[in-house]
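Participant: curious how this folds, go ahead:
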Amino acid sequence: MSERREAALSNAMRVEQLADSLSQAAAALHAAVIRAIRKRASLGEAGISQAEAQAVFALEVELRQQANTLYADAAGHAITGLDTAQRQLSGLLDAVRQRIARHDHVSHWISLATGLLNLGRAVLARSPERILATFDTVRERLQEVAGE
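Facilitator: Purely as a prediction, here's the structure:
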């Protein structure tokens with residue numbers, strides 16, 4: 001049985017799915033940094049610094065703003081001809097969110113969240129080439145984080 005391959009971001013509903021994923025990643029970042037702040041009391045110097053927490057909170061806000069922009073004009077950000085399946089994109093974004101939720105390394109959160117922001121920027125710019133390149137970069141970052 002052949003699976004029907006639906007192009008990623010090809011219509012408003014698919015763009016809204018991306019916005020949902022960005023919002024979920026922002027929520028995962030928020031939960032992770034709150035967990036790290038609470039843990040800081042027991043870790044002392046080894047815990048998250050105030051500067052790191054602020055950096056992660058700033059990424060969270062930026063992800064939420066990007067998601068809101070995509071929600072507001074999902075149809076206007078649909079991309080045609082993108083050679084990536086929606087399932088691949090959704091799977092990658094789910095894996096990033098789960099990695100953020102389960103990992104305790106701030107540098108990993110920042111790296112992955114920055115990758116998601118770059119992906120969102122590529123969608124907002126309606127640039128299939130940038131979307132594909134950023135998709136590959138996020139996948140590579142995810143693999144690097146998984147290997148550490």
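Participant: now do the helices in this structure.
Facilitator: 12-43, 50-72, 86-102, 106-124, 128-147 (DSSP state H).
Participant: which of those sits most buried?
Facilitator: Stretch with highest mean neighbour count among the helices of the chain: helix 106-124 (a mean of 20; mean count of other C-beta atoms under 10 Å). C-beta coordinates here come from the backbone N, C-alpha and C atoms, glycine included.
Participant: for that one, which outside residues touch it?
Facilitator: 9, 15, 18, 22, 25, 29, 32-33, 36, 48, 52, 55-56, 59-60, 62-63, 66-67, 69-70, 77, 79, 93, 96, 99-100, 103, 130-131, 133-135, 137-138, 141-142, 145, 148 (C-beta atoms under 8 Å, 6 or more residues apart in numbering).
Participant: in a markdown table, list the helices of the chain along with mean pLDDT.
Facilitator: Shown next, in a markdown table, are the helices of the chain (pLDDT from 0 to 100):
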| stretch | mean pLDDT |
| --- | --- |
| helix 12-43 | 91 |
| helix 50-72 | 95 |
| helix 86-102 | 92 |
| helix 106-124 | 94 |
| helix 128-147 | 91 |
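Participant: how about residues contacting stretch 73-85?
Facilitator: 5-16, 19, 70, 123-124, 126, 128, 131-132, 135.
Participant: point to the residue nearest the middle of the protein.
Facilitator: Per C-alpha atoms, centre = their mean, the C-alpha nearest to the average position across the chain is that of residue 116, at 3.5 Å.
Participant: distance of the residue nearest to residue 61 when sequence neighbours are not counted relative to residue 56?
Facilitator: Leaving aside its sequence neighbours, residue 61 sits nearest to residue 26 (C-beta to C-beta, 6 or more residues apart in numbering; 7.8 Å). Residue 26 sits at a distance of 10 Å from residue 56 (criterion: C-beta to C-beta, to the nearest Å).
Participant: before we move on, what about residue 78?
Facilitator: Separation of residue 78 from residue 56 (C-beta to C-beta): 31 Å.
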